[in-house]
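**Q** can you look at this prediction? I've put the sequence above it.
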Amino acid sequence: MARPFSASTPEGDSAAPGLFDAQGLAPVAPPPPAASPRQPSYIRGHRQRLRRRFTEGGAEAIPDYEMLELVLFRALPRQDVKPLASRLMEAFGSFNAVLSAPPARLLALPEVGPAVVCELKIVEAAAHRLARSRVMNRQVLSSWDALLAYCHATMSHRETEQFRIFYLDRKNVLIADEEQARGTVDHVPVYPREVAKRALEINASAVILVHNHPSGDPTPSDSDIDMTGRILQALTALGIVLHDHLVIGKSREISFRAEGLIL
């Protein structure tokens, strides 16, 4: 009686079905794995040239859309990313606006997938951390420009209002940077009692208020002025100084103290 066919060698070594010769007797080596597709030469050459220009000349040597290409290289290693970079710049208007765009809006573009969103958000987070490191645990009033740069980096391109509070110690060193609230496109709820309570919890001696206007115009509204007055009253009763309230627009900011709205 003939032995039934088995997908094993006489020694018992298993082999995948279909990897035997025509008689089903001797195992046949599997084919080598397919080589991964290589980048077309014109893509490799463009990437090399762009990286060299950036390495040798820095960010000033390349325009924003090419800076965006450099970011996209990692997300799409085998694809010509120039058309996507141009599409993103067209859709959002600037390099900073692309990085700051909400993931849902980015994913609404058919060429954008999770890998692209992830790379953009990594760069955005790195920029925020770098800007923050230049103001945390430092004397704020002597590094005011760095503080403004941090506020613009983190808030000027947001599509909804955000209210942040900088808490300072008695030497005006920044000891905490906290988001108090998020709102809609033209409103953010802020409660003076919560601001004062948090200042007491961390033993802050002074406070700077910051919020953004997604419209781009930093002109304070009547509700901004009223809310600032109520916070000032709550802090003053506790002996805590309100140094300023900054309203961040797209390209400029307004200081309540400079405008005479805080005396």
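**A** In hand now; what should we look at?

**Q** immediately after the one helix or strand Leu130 maps to, which helix or strand?
**A** Using DSSP states H and E, Leu130 sits in helix 114-133. Note on helix 114-133: by DSSP H and E, the next helix or strand toward the C-terminus is helix 144-155.

**Q** so which residues make contact with stretch 83-101?
**A** Outside stretch 83-101, the residues that touch it by C-beta atoms under 8 Å, 6 or more residues apart in numbering are 64-69, 72, 76, 106, 109, 111-112, 116, 120-121, 123-124, 127, 156-158. To be clear about C-beta, it is placed using only N, CA and C from the backbone, and glycine gets the same treatment.

**Q** before we move on, back to that, now find how far off-centre the helix holding Leu130 is within its chain.
**A** 4 Å (C-alpha atoms, centre = their mean, to the nearest Å).

**Q** out of the contacts of stretch 83-101, which end up buried?
**A** The neighbour-count criterion (16 or more other C-beta atoms under 10 Å) marks 64-69, 72, 76, 106, 112, 116, 120, 123-124, 127, 156-158 among the contacts of stretch 83-101 as buried.

**Q** distance of Glu119 from Tyr65?
**A** 16 Å (C-beta to C-beta, to the nearest Å).

**Q** cool, Arg132 as well?
**A** As defined by C-beta to C-beta, Arg132 lies at a distance of 27 Å from Tyr65.

**Q** my guess is Ala181 contacts Arg198. True?
**A** No: taking contacts as C-beta atoms under 8 Å, Ala181 lies outside contact range of Arg198: 11.9 Å.

**Q** Ser100 - how many residues pack around it?
**A** Around Ser100 there are 21 other residues, counting by other C-beta atoms under 10 Å.

**Q** likewise for Lys197?
**A** Quick note: Lys197 (other C-beta under 10 Å) scores 12 neighbours.

**Q** His243 too?
**A** By other C-beta under 10 Å, the residues close to His243 number 18.

**Q** which SSE is it in?
**A** Applying DSSP H and E, one finds His243 within strand 241-248.

**Q** chain neighbours aside, what residue packs nearest to Leu232?
**A** Leu242 (4.9 Å; C-beta to C-beta, 6 or more residues apart in numbering).

**Q** go ahead and confirm that neighbour touches Thr236.
**A** Yes: in terms of C-beta under 8 Å, Leu242 counts as a neighbour of Thr236; the distance is 7.5 Å.

**Q** ok, the two, which is more surrounded?
**A** Shown here are Leu242 and Thr236; by other C-beta under 10 Å, Leu242 has more neighbours (22 against 12).

**Q** for the more buried one, give the beta-bridge partners.
**A** Going by DSSP bridges, Leu242 is paired in beta bridges with Val207.

**Q** for it, give its distance to Asp217.
**A** Distance from Leu242 to Asp217, by C-beta to C-beta: 23 Å.

**Q** residues in contact with the closest residue to Glu178 other than its chain neighbours?
**A** Nearest in space to Glu178, with sequence neighbours left out and distances taken as C-beta to C-beta, 6+ apart, is Ile165 at 5.5 Å. Shown in contact with Ile165 (C-beta under 8 Å, 6+ apart): 176-178, 180, 195, 198, 207-210.

**Q** any quick PyMOL command for the buried ones out of those?
**A** Selection of buried members from these for PyMOL, criterion 16+ other C-beta under 10 Å:
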select buried, resi 176+177+180+195+198+207+208+209+210
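
**Q** okay, and which of the contacts of Ile165 map to helices?
**A** Within these, residues falling in helices by DSSP state H are 195, 198.

**Q** dump the contacts of Ile165 into CSV; add pLDDT as well.
**A** Formatted as CSV, these follow (pLDDT from 0 to 100):
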residue, pLDDT
Ala176, 96
Asp177, 95
Glu178, 92
Gln180, 84
Val195, 93
Arg198, 95
Val207, 97
Ile208, 97
Leu209, 96
Val210, 96
